[in-house]
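Enquirer: The sequence and its predicted three-dimensional model are supplied below.
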Amino acid sequence: MGSTTDKIKGQANEVIGKVKQGIGEATGSDKLQGEGAIQEAKGHGQQAVGNAKEAVKDAADKTAAFVNKKL
């Protein structure tokens, strides 16, 4: 999965998690609040993975450009 896909899925999970938490609060459902918190945390993790992948790709691209420049 690419960095953009990870970021999009992460953002979606964060939003869905927040919605679940809100509905859980409104209905008094501790279970739904917990599920929402877990899904939101999963989204944060997915976004972090996407950011890390992007950073590695950027570093590799810069290294390749430097090497090609020296050749």
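Expert: Cool, got the structure. In this text the structure is predicted, and so the values were computed from the model without any measurement.

Enquirer: quick one: residue 38 and residue 17 touch, right?
Expert: Yes: counting by CB atoms under 8 Å, residue 38 touches residue 17, with 7.2 Å between them. Every C-beta, even on glycine, is put in place using the N, C-alpha and C of the backbone.

Enquirer: Which one's more surrounded, these two?
Expert: residue 17 (20 against 14; other CB atoms under 10 Å).

Enquirer: residues in contact with the more buried one?
Expert: 35-43 (CB atoms under 8 Å, 6 or more residues apart in numbering).

Enquirer: Against residue 11, how distant is the nearest residue to it once chain neighbours are set aside?
Expert: Once flanking residues are discounted, residue 17 sits nearest to residue 40: 3.0 Å by CB to CB, 6 or more residues apart in numbering. Distance, residue 40 to residue 11, by CB to CB, to the nearest Å: 11 Å.

Enquirer: and the two? which has more neighbours close in?
Expert: Neighbour count, other CB under 10 Å: between residue 40 and residue 11, residue 40 has more, with 20 against 15.

Enquirer: element containing the more buried one, please.
Expert: Assigned by DSSP states H and E, residue 40 falls within helix 30-70.

Enquirer: Please apply the same query to residue 4.
Expert: Per DSSP H and E: helix 3-27 holds residue 4.

Enquirer: Name the residues of that helix that come out as buried.
Expert: Across helix 3-27, burial judged by 16 or more other CB atoms under 10 Å covers 3, 6-7, 9-10, 13-14, 16-17, 20-21, 24.

Enquirer: Spatially central, which residue of the protein would that be?
Expert: residue 47 (1.8 Å; CA atoms, centre = their mean).

Enquirer: Pull the contacting residues for it.
Expert: Contacts of residue 47 (CB under 8 Å, 6+ apart): 6-7, 10-11, 14.

Enquirer: And for residue 41?
Expert: So residue 41 contacts residue 17 (CB under 8 Å, 6+ apart).
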